[in-house]
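Participant: Sequence first, predicted coordinates after that:
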Amino acid sequence: MAAAVELGSVSTGLRVMFAMLTPNESSFEKVEDVPKYVHEATPFFVGLIMLELVVGVLKTGASVVTISDGLTSISAGMTSRLPLLFMRGCELSAYMYVWDRYRLLELPWDSAWTWWFTFLGVDFCFYWVHRSAHEVAILWAAHQVHHSSEYYNLTTALRQSLTQQFTSWIFYLPLALVVPPSIFAVHIQINLLYQFWIHTELIRDLGPLEWVFNTPKHHRVHHGRNLYCIDKNYGGILIIWDRLFGTFALETDKVVYGLVFPIKTFEILYVQLHYYSYLWRKSNGYKKLVNKLSTFMNGPSWKPGKPRLGDHANNPKVTGEEVPHDPSWSLPLQVYVVIHFLLVLLTYHDLFENKMMLSQLTILGMAGYVLLTLTALGYIMDQSGSQAVGRKSPRGSRDGSAGSQDSKQGREEEK
């Protein structure tokens, strides 16, 4: 059905970025026939980022991306894909397992009705993946990576979690009871790619489309740490789920981006993993087992005596005058970091292109090199050893930081 379509064409590549493929050109009988849309989208990621940079300069007179934050976001995206060197994606693997053993009905793969049903089904499931990632602390530990940038641009879309993929697959399994894996494999990619272009401040309002679709205007709210923005607008492609389930908010006051308590670092391993250590320290501050477990299963700001999702009583007041973390560093050092990053990016690209011809030991070594290099570049961009020390015990509830004060308070609240 889709064999005649030139899948590598510019037209197809652009349209998949905006969820504009038709059932006729994106329905496949076998999973093996499904294009790797996400992998093939790399040139469009680069092209749209460059376009945003140019338009941003023309429109605002300044760059919408800083070197340090932009490279950190791209590094997070690179890190998130490293597990794919050793295994197939969790979502598709688990989906195929359930389909092969437990399917109740087999919808026809070449039916437009199946295609549209899956389009809605995947987006509905993503809403609950996304909402749960904000309402369950152990899931937020993974998802907070995506919210850790204090900027909002297309590179922010690439700031993905290393660990979220190991739990998100659970929410899509109901579809595996009726929808062929090949159709699911198409839509899980379309859903992800659509969410790239909505990470921009340059597109302000899209009129009537705002009622149905997730847009930059809606998603800016989702990335805000203003009180009215927190835990709102979870939709992937469609915003109708938020309107139906009461999690929708309009953009009003100036949105201030990032975590409630910004982590202020570009160290990629810290960005990816710091919240897990915070949860462990927080749980150790409680004596009762139920409170220890609730630390991981309730909302990120939960404490004993609070509602399941916690509250925002201790959030810093957002004034709109906040300045994003942007350490000053010399131009020669910036040039060095950019050149070194491009070299490691080339290695990363070659690693994925040639992984079938490399031994597992070689892949492991090269993946380790990529990760260590990105970590080293993060230290350079941070510019200050004292900042790293200072980050080890800040206060916070949603950003993943807590010191001895939180532990002491937790013990007192249990009495």
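Facilitator: That came in fine, so what should we check first? Numbers count the residues shown, from 1 in each chain.
Participant: C-alpha only now, for contacts and for neighbours.
Facilitator: Fine.
Participant: show me where pLDDT drops low in this structure?
Facilitator: The model of the chain has pLDDT under 70 over residues 1-8, 384-415.
Participant: Can you name the element that comes right after the helix or strand that V335 is a member of?
Facilitator: Following DSSP states H and E, one finds V335 within helix 331-353. Counting by DSSP H and E, the next helix or strand C-terminal to helix 331-353 is helix 360-382.
Participant: Mind giving me the packing neighbours of the helix holding V335?
Facilitator: In terms of contacts (3 or more CA pairs under 8 Å, 6 or more residues apart in numbering; DSSP states H and E), helix 331-353 is packed against helix 67-81, helix 360-382.
Participant: and among the ones you listed, the most buried is which?
Facilitator: Comparing the helices and strands packed on helix 331-353 by mean neighbour count (mean count of other CA atoms under 10 Å), helix 67-81 ranks first with a mean of 22.
Participant: Show me what counts as buried in the following helix or strand past that one.
Facilitator: Using DSSP H and E, the helix or strand that follows helix 67-81 in sequence is helix 90-102. Neighbour-count burial for helix 90-102, counted by 16 or more other CA atoms under 10 Å, picks out C90, E91, L92, A94, Y95, M96, V98, W99.
Participant: And those residues, which is closest to V129?
Facilitator: V129 has its nearest neighbour among the buried residues of helix 90-102 in E91, at 11.7 Å by CA to CA.
Participant: Was I right to think the closest one contacts Q165?
Facilitator: Yes: with contact defined as CA atoms under 8 Å, E91 counts as touching Q165 (7.2 Å).
Participant: Give the buried residues for stretch 54-71.
Facilitator: Residues of stretch 54-71 classed as buried: V55, G56, V64, V65, S68, D69, G70, L71 (neighbour count, 16+ other CA under 10 Å).
Participant: contacts for it?
Facilitator: 52-53, 149, 151, 153, 155-156, 202, 266, 326, 334, 338, 341, 378, 381 (CA atoms under 8 Å, 6 or more residues apart in numbering).
Participant: rerun that using 7 Å as the cut-off
Facilitator: When contacts are defined by CA atoms under 7 Å, 6 or more residues apart in numbering, stretch 54-71 is touched by residues L53, N153, T155, M381.
Participant: show me what contacts the residue lying closest to T156 once chain neighbours are set aside?
Facilitator: The shortest distance from T156 to any non-neighbouring residue, by CA to CA, 6 or more residues apart in numbering, is to S73 (5.7 Å). Shown in contact with S73 (CA under 7 Å, 6+ apart): T155, T156, L158, R159.
Participant: element containing H219?
Facilitator: helix 216-222.
Participant: residues touching V136, list them.
Facilitator: Contact analysis of V136 by CA under 7 Å, 6+ apart lists F296, M297, N298, G299, P300.
Participant: For K292, see how far away the third one is.
Facilitator: Read it as N298. For N298, the distance to K292 equals 10 Å [CA to CA, to the nearest Å].
Participant: Looking at those two, which has the bigger crowd around it?
Facilitator: Neighbour count, other CA atoms under 10 Å: between N298 and K292, N298 has more, with 21 against 18.
Participant: give me phi/psi at the more buried one?
Facilitator: Main-chain torsions, N298, degrees, to the nearest 10: phi -90, psi -170.
Participant: Burial check on the closest residue to Y151 other than its chain neighbours, number of neighbours?
Facilitator: In space, Y151 comes closest to Y257 once its chain neighbours are excluded; the distance is 6.1 Å by CA to CA, 6+ apart. Residues contacting Y257 under the criterion other CA under 10 Å number 24.
Participant: Please name the residues that touch Y257.
Facilitator: Under the criterion of CA under 7 Å, 6+ apart, the neighbours of Y257 are E150, Y151, Y152, H223, G224, R225.
Participant: and of the residues you listed, the nearest to L175?
Facilitator: Among the contacts of Y257, H223 lies closest to L175 (CA to CA), at 28.4 Å.
Participant: mind listing what the closest one touches?
Facilitator: Here H223 is in contact with H147, Y257, G258 (CA under 7 Å, 6+ apart).
Participant: Confirm for me that the first one is in contact with V260.
Facilitator: No: between H147 and V260 no contact is recorded; they are 9.6 Å apart, counting by CA atoms under 7 Å.
Participant: No more questions from me, cheers.
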